[in-house]
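*Asks:* everything below, folded, please.
(one chain, ligands or ions: 2)
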Amino acid sequence: MASPTDLRAASDALDVLGRVFGYDAFRGFQQDVIDHVVAGGDALVLMPTGGGKSLCYQIPALVRDGVAVVVSPLIALMQDQVDALTAVGVRAGFLNSTQTLDARRRVEAAFVAGELDLLYLAPEALGVRSTLALLDRGRISLFAIDEAHCVSQWGHDFRPDYLALSMLHERWPEVPRIALTATATSATRTEIATRLNLDGARHFVASFDRPNIQYRIVPKREPRKQLLTLLRDEHPGDAGIVYCLSRASVDKTAEFLTANGVAALPYHAGLDAGTRARNQQRFLREDGLVMVATIAFGMGIDKPDVRFVAHLDLPKSVEGYYQETGRAGRDGLPSTAWLAYGLQDVVQQRKMIETSDGDLAHRRNLAAHLDAMLALCETVRCRRVQLLEYFGETTTAACGNCDTCLTPPESWDGTVAAQKLLSAVFRLDRERNQRFGAGHCIDILLGKQNDKISQYGHDSLTVFGIGSELSEAEWRGVVRQLLAEGLLAVEGDYGTLALTEASADVLGRRRTVTLRREPEKPASSRSSKPRGSSTVVAELTPAAASLFERLRGWRASSAKEQGVPAYVIFHDATLRQIASDAPSTLADLSRVSGVGENKLAKYGEQILAVLATD
Ligand code: ADP
Ligand code: ZN
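*Replies:* Ligands and ions are numbered 1, 2, ... in the order given. Alright, predicted model coming up:
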């Protein structure tokens, strides 16, 4: 049975949720985590991005006596985190290398005087003696260790500093610790528990499903044009991230979008630090910018209203893909994860692995990751079911919100086609001792007459012209899928095609090959929604949609005035509900999710005025 203190703590937590954050119910197991930590227990929390991890330590920080110390590696984001807390009336500060001595002194004094609810620190700060001495002078309510997967061997950037955090327990044995991460695998979870000395901690593991994200993987034709169509039809004016593999392609894509009227910024390691920081700041602060980036961008970006994540190149692993796409829709509103994928991606990635440094075990590991990613691309099953299975969650029901659910792909018996292609590779190799890339092999099958064919006399091969029943695009699909399944390999710097051991089974008719037929017109998702409108306003009446736009304009100017990101004022989800409820009194407004006491007092009248103007 719960003790009276437990009950009081539970009602305190709910009260704080409503008064401070303006939400009326906890999500998932937030309440369990909060109760456990408020009662002094250690916790390890695994929740997907957008699951609501922050409240799991922010509310205990407000309910327990003392100052919560939050360890986070993302010093560039600390200011925004503190601003967001300040906006709801929570007393927060940070100490890191970016601030002036004066600012630092003020935060230190506030900490010692117990005038803070939360103090954010970078992990390296805890290795500095003066910081430890400072912490000894105040009263600590709890330690929150964010991005806890940084202790694992895959999170090497901050690893040594994170490993050192195991000392927290020895130095402050009575202070509860809560470690949080969005990285799923059970190996990482065990490693976090061991390395951080959290063996006795209670584990809270959420489902990693992100039901509001629509997963789509489309055949790559003209990727930039396809992207532009997606943005124009489904995400006009929305904020989003576009990932490209190379810096050059980041620059070209950003230029292309800008030239076509989409506000886009580039981000990659080749830009100077100042430009990168400025572009990141603008992306966080302004509404509706598109960030075109290499995967260097995005770690810990907690912008809640990223409406789409698009990949123009194939990610190297399902882990990476899920992490990157997970940056969409943290606010729970409908969002899109879109990937364009083609033959060249497979060739390029296989080639990169083949020519990479590192030993055989390393290359095998890379290949296994790529194989899982390719299997996801080529599947005819529900993408979400397959993704969740990859992370060890078994769900049986198809999701209804991915491309394969929305437009089920057909499959066809590709055995004969596969035999033709593999024969061509075999003939070139065995009869001529030559190897060629996919393009030339397809030209041979199609019986094309061109310079290269006549130069090598390939029109005399028995396989010349035996594949005219399929189009070039269809042949590329065949090659891609054979590569994905390991029935064909690419070799060398030129990415030439070669047979594998498994090819022999197909050529020897011991194995059939089922292929996926690409839809001519790929899934265009939300059929109910008018083209050319953003997903956020999709379900609103026209009147409410126009109110939403007015509120967004008001929010943009307030954000600018105060120098904070727009979402610090109100999230899209909150503005959307205000627009659809159209409250006419402060009391009605206060019932909207996301409107807490502080924001009601600060913005209530202004919002009512915006709603009242015609
Ligand atoms: P995470 O850190 O797990 O990625 P956040 O803590 O940033 O997620 O929360 C994601 C979003 O969900 C935020 O916009 C947050 O305000 C919102 N949120 C969290 N908990 C709740 C809740 N109980 N009710 C409504 N919104 C919530
Ligand atoms: Zn599905």
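
*Asks:* looking at the chain, which helix is longest?
*Replies:* Ranked by number of residues, the top helix in the chain under DSSP state H is helix 542-562.

*Asks:* ok, the following helix or strand past that helix near ligand 1 or not?
*Replies:* Where DSSP states H and E defines the elements, the next helix or strand beyond helix 542-562 is helix 566-569. No - using C-beta under 6 Å from any ligand atom, helix 566-569 stays clear of ligand 1, coming no nearer than 7.7 Å. The way it works is simple: take the backbone N, C-alpha and C, and place the C-beta from them, glycine included.

*Asks:* chain center to the following helix or strand past helix 566-569: distance?
*Replies:* Later in the chain than helix 566-569, the nearest helix or strand by DSSP H and E is helix 572-581. In this view, helix 572-581 has its centroid 24 Å away from the chain centroid, taken as C-alpha atoms, centre = their mean, to the nearest Å.

*Asks:* helices and strands around helix 572-581, which ones?
*Replies:* Judged by 3 or more C-beta pairs under 8 Å, 6 or more residues apart in numbering; DSSP states H and E, helix 572-581 is in contact with helix 542-562.

*Asks:* what about the longest helix of the chain, distance to the chain center?
*Replies:* 26 Å.

*Asks:* tell me what angle that helix forms with helix 572-581.
*Replies:* 140 degrees (axes from the mean of the first three to the mean of the last three C-alpha atoms, to 10 degrees).

*Asks:* need the per-residue pLDDT for residue 571.
*Replies:* Per-residue pLDDT puts residue 571 at 93.

*Asks:* hang on, the earlier thing: show me what counts as buried in the longest helix of the chain.
*Replies:* Within helix 542-562, the residues that qualify as buried are 544-545, 547-548, 551-552, 554-556, 558-559, counting by 16 or more other C-beta atoms under 10 Å.

*Asks:* hey, where'd the strands end up in the stretch 251-400 of the chain?
*Replies:* Assigned by DSSP state E, counting those that start in this stretch, the strands in the stretch 251-400 of the chain fall at 264-267, 290-293, 306-311, 335-341.

*Asks:* reformat those as CSV; add distance to ligand 2, mean neighbour count and mean pLDDT.
*Replies:* Output for the strands of the stretch 251-400 of the chain, formatted as CSV (distance: least, C-beta to the ion, whole Å; neighbours: other C-beta atoms under 10 Å; pLDDT from 0 to 100):
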stretch, distance to ligand 2, mean neighbour count, mean pLDDT
strand 264-267, 29, 23, 97
strand 290-293, 26, 27, 97
strand 306-311, 17, 25, 97
strand 335-341, 12, 25, 97
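
*Asks:* now these in CSV, with distance to residue 167?
*Replies:* Formatted as CSV, these follow (distance: least, C-beta to C-beta, whole Å):
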stretch, distance to residue 167
strand 264-267, 35
strand 290-293, 36
strand 306-311, 36
strand 335-341, 39
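
*Asks:* residue 433 is nearest to which of the ones you listed?
*Replies:* Closest approach to residue 433 among the strands of the stretch 251-400 of the chain is made by strand 335-341 (32.7 Å; C-beta to C-beta).

*Asks:* for ligand 1, see how far away the residue nearest to residue 276 when sequence neighbours are not counted is.
*Replies:* Take residue 276 and drop its neighbours on the chain: the residue closest to it by C-beta to C-beta, 6 or more residues apart in numbering is residue 267, 6.0 Å away. Residue 267 is 20 Å from ligand 1, where distance means C-beta to the nearest ligand atom, to the nearest Å.

*Asks:* show me what contacts residue 267?
*Replies:* 250, 276, 279-280, 283, 291-294, 296-297 (C-beta atoms under 8 Å, 6 or more residues apart in numbering).

*Asks:* whichever of these end up buried, select them in ChimeraX.
*Replies:* Buried residues among the contacts of residue 267 (16+ other C-beta under 10 Å), as a ChimeraX selection:
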select :250,276,279,280,283,291,292,293,294,297
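
*Asks:* show me which residues of the stretch 501-614 of the chain sit near ligand 1.
*Replies:* 571, 593.

*Asks:* now the stretch 501-614 of the chain against ligand 1: closest residue?
*Replies:* residue 571 (5.4 Å; C-beta to the nearest ligand atom).

*Asks:* show me what from this structure comes close to ligand 2.
*Replies:* Residues of the chain lying close to ligand 2 (C-beta under 5 Å from the ion) are 382, 384, 398-399, 402, 405.

*Asks:* can you turn the buried part of those into a PyMOL selection?
*Replies:* To isolate in PyMOL the members of the residues of the chain next to ligand 2 that are buried, counting by 16+ other C-beta under 10 Å, one can use:
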select buried, resi 382+384+399+402+405
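
*Asks:* tell me the one of the residues of the chain next to ligand 2 nearest residue 151?
*Replies:* residue 384 (29.1 Å).

*Asks:* any idea how far that closest one is from residue 212?
*Replies:* Distance of residue 384 to residue 212, computed by C-beta to C-beta, to the nearest Å: 12 Å.

*Asks:* what do you get for residue 230?
*Replies:* Separation of residue 230 from residue 212 (C-beta to C-beta) stands at 17 Å.

*Asks:* and the protein, which residues reach ligand 1?
*Replies:* Counting by C-beta under 6 Å from any ligand atom, the chain sits next to ligand 1 at 23, 26-27, 30, 47, 49-55, 302, 304, 330-331, 571, 593.

*Asks:* alright, that wraps it up for me.
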